[in-house]
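> A structural model of the following input is requested.
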Amino acid sequence: MKLVNDSNKQSIDLDQLIEDTFQKYTAVFFSEIEGQIFIFRPLTRKEYRDVLENQNMDDYSKQDAICKQVLLYPENFDFDECSAGLPDILFKDILEKSCLDVESTFYLLKIQREGP
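As a prediction, the model looks like this:
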């Protein structure tokens, strides 16, 4: 299957991209936002803490930094030139799929406390 990147009209072989990505990373997630496919790896807790503790960045810059850090496709996506809500949606999806959002954290704690 072929994907066409709207920003530069470049065609990419999705099957090859998926195969290459799974060879490099153990976990990969896909998200479709506003007709654009995003492929990203999970964010680690250390990466998340490092960005959150950076006092030189505002919240929007932190969201963009996290998205850029884990985004595998499209490469070099320009978060400054996309629609205003897209980075926020992607950021929330990254946190959720990395189990770093509030709901996932409480769910994991509940499972751990209930035991086998």
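> in this structure, which spans are helices?
Counting by DSSP state H, one finds helices in the chain at the ranges 14-24, 45-52, 59-70, 86-97, 102-114.
> Kindly compare burial across those helices and name the winner.
Per-stretch averages of neighbours, counted by mean count of other Cβ atoms under 10 Å, single out helix 86-97 among those, with a mean of 19. For every residue, glycine as well, the C-beta is placed using N, CA and C.
> which other helices and strands contact that helix?
strand 29-33, strand 36-40, helix 59-70, helix 102-114 (3 or more Cβ pairs under 8 Å, 6 or more residues apart in numbering; DSSP states H and E).
> Now do that helix: distance to the chain's middle.
Here helix 86-97 shows a centroid-to-chain-centroid distance of 6 Å under the convention Cα atoms, centre = their mean, to the nearest Å.
> ditto for stretch 51-70
13 Å.
> Provide the partner residues of the closest residue to L17 other than its chain neighbours in its beta bridges.
By the measure of Cβ to Cβ, 6 or more residues apart in numbering, the closest residue to L17 outside its immediate chain neighbours is Y73, 6.2 Å from it. Taking DSSP bridges as the rule, Y73 bridges to I39.
> Y73 touches I39, doesn't it?
Yes. In this structure Y73 lies within contact range of I39 using Cβ atoms under 8 Å: 4.0 Å.
> so what sits against both of the two?
Common neighbours of Y73 and I39, counting by Cβ atoms under 8 Å, 6 or more residues apart in numbering, are 17, 21.
> From D64, how far off is A84?
From A84 over to D64 the distance is 12 Å, taken as Cβ to Cβ, to the nearest Å.
> tell me the phi and psi of M57?
The phi and psi values for M57, taken as degrees, to the nearest 10, are phi -120, psi 140.
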